[in-house]
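> Sharing a model that was predicted from the sequence below.
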Amino acid sequence: MFLINAWYNKAGWLIVLRPLSLLFSWLASRRRQKQQAALRQASPQHTAVPVIVVGNIAVGGTGKTPLVLALSRALHDRGITAGVLSRGYGGRAPQYPFVVNADSQVLHTGDEARLLRRHSAGPMVVDPERSRGLQALIETGRCDVVISDDGLQHYRLRRDIEIVVVDGTRGLGNGWCLPAGPLREPPARLAQVDYVVINGANRAFSEDTLSAGDTSVTTMRLIPAYWVNVKTGERADVQALPVPDAIRHDMHALAGIGNPQRFFDTLDELGLAVTCHPYADHHAYNAVELAFARDKVLLMTEKDAVKCESFAGDHWWSLIVSAELAQGFTEAFCDQVTHILARRQHDAQQQQ
């Protein structure tokens with residue numbers, strides 16, 4: 001957390017790491033160029049179904065998973081079935097590629113994949129080797145397109161559309177690559193993708209600072225939808241959290257996501273006074289460390305909740321959110337996917 005705070009607060013001492021950042025940036029660009037050259041020489045030149053990559057250039061969470069779900073639903077409304085591909089971070093499956101079903105254990109899938117499976121209609125596969133996982137998804141014969149949750153830097157994965165999500169509060173930090181800054185690739189990478197989506201309309205920076213060039217820049221907002229009791233599955237209105245008066249004065253909240261403060265700020269906006277407990281992204285909780293809240297109110301994200309269901313207390317609730325996208329972006333994205341599908345179909349007919 002110390003280094004993350006330094007990146008986003010633009011601490012002056014990070015300048016000593018700047019030479020390493022320049023080396024990291026050069027190596028990242030070099031690796032990408034080599035992988036792209038290898039793909040251009042390989043055959044065929046495109047995958048059997050279009051591939052959409054939703055990723056980021058900064059370490060930590062930016063809101064990719066809610067966007068993947070929103071895009072999947074938008075395509076579904078157009079009659080297009082999207083399969084979802086995930087690395088399965090934090091999980092260890094019996095084998096890879098691993099097809100994620102409704103009853104798959106979070107131990108095997110990881111937290112984000114478990115959450116995605118819960119809300120996705122199409123097939124889903126996790127595999128650290130994304131190209132192999134993509135092939136497994138295609139072989140199911142049940143998807144028209146594939147959306148990869150993260151994987152922007154997995155250059156061996158062919159893709160037709162690239163979407164980068166940027167945290168509207170933190171932006172790109174000090175704009176430097178690792179280790180002096182939070183970036184996996186230099187800011188200029190944004191000018192090479194199809195869309196940049198800023199998560200949070202009340203952003204603390206201008207679009208000019210993104211170096212996105214002619215790339216389409218749009219926004220999204222995470223909207224609190226409803227509460228779900230982690231133990232029972234009971235639903236409650238987002239403005240009517242059913243908390244007994246006897247314990248309302250001592251409520252707690254945890255978040256093991258890329259930017260825990262985003263969740264805590266949301267609770268504050270909902271008028272909930274809580275003691276905050278930030279954890280590292282993908283933290284694996286256990287009953288012992290959360291015993292302090294056994295008989296108390298404990299609020300968490302859905303990503304956290306999938307790892308706490310087996311030992312949850314009676315008053316543990318997860319907040320379900322949905323991504324609200326700009327109408328113009330949703331239409332442009334779906335139109336682009338429809339066009340790619342039509343072109344693929346035409347090419348296939350020409351080859352027959």
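Ah, there it is. Numbers count the residues shown, from 1 in each chain.
> Only C-alpha atoms from now on, for both contacts and neighbour counts.
Noted.
> what about Ser72, which helix or strand?
Using DSSP states H and E, Ser72 sits in helix 64-77.
> Same check on Gly60?
Residue-wise, Gly60 maps onto no helix or strand under DSSP H and E.
> how about the helices of the protein, start to end?
2-8, 18-41, 64-77, 106-109, 111-119, 130-140, 260-269, 302-305, 327-351 (DSSP state H).
> re the thing from before, how about the helix holding Ser72 as PDB, C-alpha atoms only?
C-alpha atoms of helix 64-77 as PDB (Å, rounded to 0.1, in the frame of the first residue of the first chain):
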ATOM      1  CA  LYS A  64     -13.000  -4.100 -15.700                       C
ATOM      2  CA  THR A  65     -15.300  -6.900 -14.400                       C
ATOM      3  CA  PRO A  66     -18.500  -4.800 -14.200                       C
ATOM      4  CA  LEU A  67     -17.700  -3.500 -17.700                       C
ATOM      5  CA  VAL A  68     -17.300  -7.000 -19.000                       C
ATOM      6  CA  LEU A  69     -20.700  -7.900 -17.600                       C
ATOM      7  CA  ALA A  70     -22.300  -4.800 -19.000                       C
ATOM      8  CA  LEU A  71     -20.900  -5.400 -22.500                       C
ATOM      9  CA  SER A  72     -22.000  -9.000 -22.400                       C
ATOM     10  CA  ARG A  73     -25.500  -8.000 -21.600                       C
ATOM     11  CA  ALA A  74     -25.500  -5.300 -24.300                       C
ATOM     12  CA  LEU A  75     -24.500  -7.900 -26.900                       C
ATOM     13  CA  HIS A  76     -27.100 -10.400 -25.500                       C
ATOM     14  CA  ASP A  77     -29.700  -7.800 -26.200                       C
END
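> For that helix, the averaged confidence score.
Mean pLDDT, taken over the full extent of helix 64-77, equals 96.
> Give me the angle between it and helix 327-351.
Taking axes from the mean of the first three to the mean of the last three C-alpha atoms, to 10 degrees, one finds helix 64-77 and helix 327-351 inclined to each other by 60 degrees.
> how far does helix 64-77 sit from the chain's center?
11 Å (C-alpha atoms, centre = their mean, to the nearest Å).
> ok, back up a step: of the helices of the chain, flag the one that's most buried.
helix 302-305 (a mean of 24; mean count of other C-alpha atoms under 10 Å).
> Show me what that one is packed against.
Judged by 3 or more C-alpha pairs under 8 Å, 6 or more residues apart in numbering; DSSP states H and E, helix 302-305 is in contact with helix 111-119, strand 316-325.
> Please tabulate these in TSV, including the columns distance to Gly83 and mean pLDDT.
Compiled in TSV, those are given as follows (distance: least, C-alpha to C-alpha, whole Å; pLDDT from 0 to 100):
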stretch	distance to Gly83	mean pLDDT
helix 111-119	10	95
strand 316-325	19	97
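> out of the ones you listed, nearest to Gly256?
Among those, helix 111-119 comes nearest to Gly256, with 10.4 Å by C-alpha to C-alpha.
> burial of Gly61, as a residue count?
Neighbour count of Gly61, defined by other C-alpha atoms under 10 Å: 17.
> Give me the nearest residue to it, chain neighbours excluded.
Nearest non-adjacent residue to Gly61, counting by C-alpha to C-alpha, 6 or more residues apart in numbering: Gly258, 3.8 Å away.
> can you check Gly173 too?
The nearest residue in space to Gly173 (C-alpha to C-alpha, 6+ apart) is Tyr8, at 4.2 Å.
> residues in contact with that neighbour?
170, 172-174, 182 (C-alpha atoms under 8 Å, 6 or more residues apart in numbering).
> so which one among those has the lowest pLDDT?
Per-residue pLDDT puts Arg170 lowest of the contacts of Tyr8, at 88.
> List the residues that contact Thr330.
Thr330 makes contact with 71, 74, according to C-alpha under 8 Å, 6+ apart.
> could you redo the last one with a cut-off of 10 Å?
Counting by C-alpha atoms under 10 Å, 6 or more residues apart in numbering, Thr330 makes contact with 70-71, 74-75, 324, 336.
> Equivalent analysis for Thr218, please.
So, once contact is read as C-alpha under 10 Å, 6+ apart, Thr218 ends up touching 165, 195-199, 201, 207, 325-329.
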